[in-house]
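>>> from the sequence below, what's the structure:
(one chain, ligands or ions: 1)
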Amino acid sequence: MEATPYDAISRLYDPWSRSVTEDVPFYVEEAGRAGAPVVELGVGTGRIAVPIAVAGIDVIGIDSSAGMLAVCRERAEAAGVGARLDLRQGDLVEPPIEGPVPLVICPFRSYLHLRDDGERRRALGAVRGLLAADGRLVFDVFTPAPDDIAETHGRWLEREPGIFERADWDTDARTLTLSVRGRDGEARATMSLAWLSPLEWRVLLDESGFEVEACYGWFDRTPFTGGEDSIWIARPARR
Ligand SMILES: C[S@@+](CC[C@H](N)C(=O)[O-])C[C@H]1O[C@@H](n2cnc3c(N)ncnc32)[C@H](O)[C@@H]1O
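From the prediction side, this is the model:
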């Protein structure tokens, strides 16, 4: 596969996302409920997959970035769970996995890398085909609020010490061009994300053969009542 923007920042990703911890126990709990193997789409550096493996559950991790997968491998080895992770380079639109599996997760908004409804339908359809009849798809996405857009648009902000992030929002196209760079400027990348409303995600899930079991507004399982984050638990529809 070709190099991706994440390859350029694979060593910056963990310090960049250091403060993002609230979702880890949530996904580990979901994995504990479902059992192995858990498929993580967009596994990245193993921020979620490694804690799941440490909890004793095997994970198949898919990512398009060879660089992110290399960091993930190192992290799993360092945690003593290298044998529990099966890492595969591939596209989350067509994950290279044979089902059935009890749980597919796509944490930290990775589905926002899907560019249009065609890709979203293919990705959700692929998961539908992979899941066991009583399996679950669990993922989180965000829908930016106008004040967030106004506050951050076009500005380089220091997200972590020495790590800068810039958001360029296109509210007509509903895309975010996200740039990140380290202090020395050597590690830098620009990536594109596309957002939907929660209602649009619900319709796509329905059209892709899923029933929504729960939609939370936060990882403490507070029900979604509006807000930027939505966390979805979907299961194959019984029709
Ligand atoms: C925001 S990171 C999330 C990483 C990890 N799940 C976490 O929670 O920290 C998004 C990940 O998705 C991967 N990714 C983006 N587009 C992809 C695609 N089309 N197929 C596979 N992986 C993709 C990136 O390489 C990156 O590792």
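>>> low-confidence regions, this protein specifically.
239 (pLDDT under 70).
>>> ok, residue 133 - how many residues close by?
Using other CB atoms under 10 Å, residue 133 has 8 other residues around it. All C-beta atoms are positioned from the backbone trio N, CA, C, and that covers glycine.
>>> now it. Nearest residue, chain neighbours left out?
residue 236 (6.0 Å; CB to CB, 6 or more residues apart in numbering).
>>> now swap in residue 7 and tell me
Of all residues not flanking residue 7 in the chain, residue 67 sits nearest, at 3.8 Å (CB to CB, 6+ apart).
>>> list the contacts for the one you found?
3, 6, 7, 8, 10, 11 (CB atoms under 8 Å, 6 or more residues apart in numbering).
>>> next SSE downstream of the helix or strand containing residue 76?
Using DSSP states H and E, residue 76 sits within helix 66-78. Toward the C-terminal end, the helix or strand that comes next after helix 66-78 (DSSP H and E) is strand 85-89.
>>> specify the angle between that following strand and helix 66-78 in degrees.
Angle, strand 85-89 to helix 66-78, by axes from the mean of the first three to the mean of the last three CA atoms, to 10 degrees: 170 degrees.
>>> neighbouring strands - and their directions - for strand 85-89?
Partners of strand 85-89 in the sheet, by DSSP bridges, are strand 59-63 (parallel).
>>> if we go by neighbour counts, what in the strand it pairs with is buried?
59, 60, 61, 62, 63 (16 or more other CB atoms under 10 Å).
>>> and residue 113, how close does it get to the ligand?
Distance of residue 113 to the ligand, computed by CB to the nearest ligand atom, to the nearest Å: 4 Å.
>>> so how many other residues sit close to that residue?
Neighbour number of residue 113 under other CB under 10 Å is 21.
>>> ok, residue 87 next?
21.
>>> hang on, it packs against residue 69?
Yes: in this structure, residue 87 is within contact of residue 69 by CB atoms under 8 Å, at 5.0 Å.
>>> list residues touching both of the two?
43, 61, 63.
>>> the ligand next: which of those residues are close?
Contacts with the ligand within the shared contacts of residue 87 and residue 69, counted by CB under 6 Å from any ligand atom: 43, 63.
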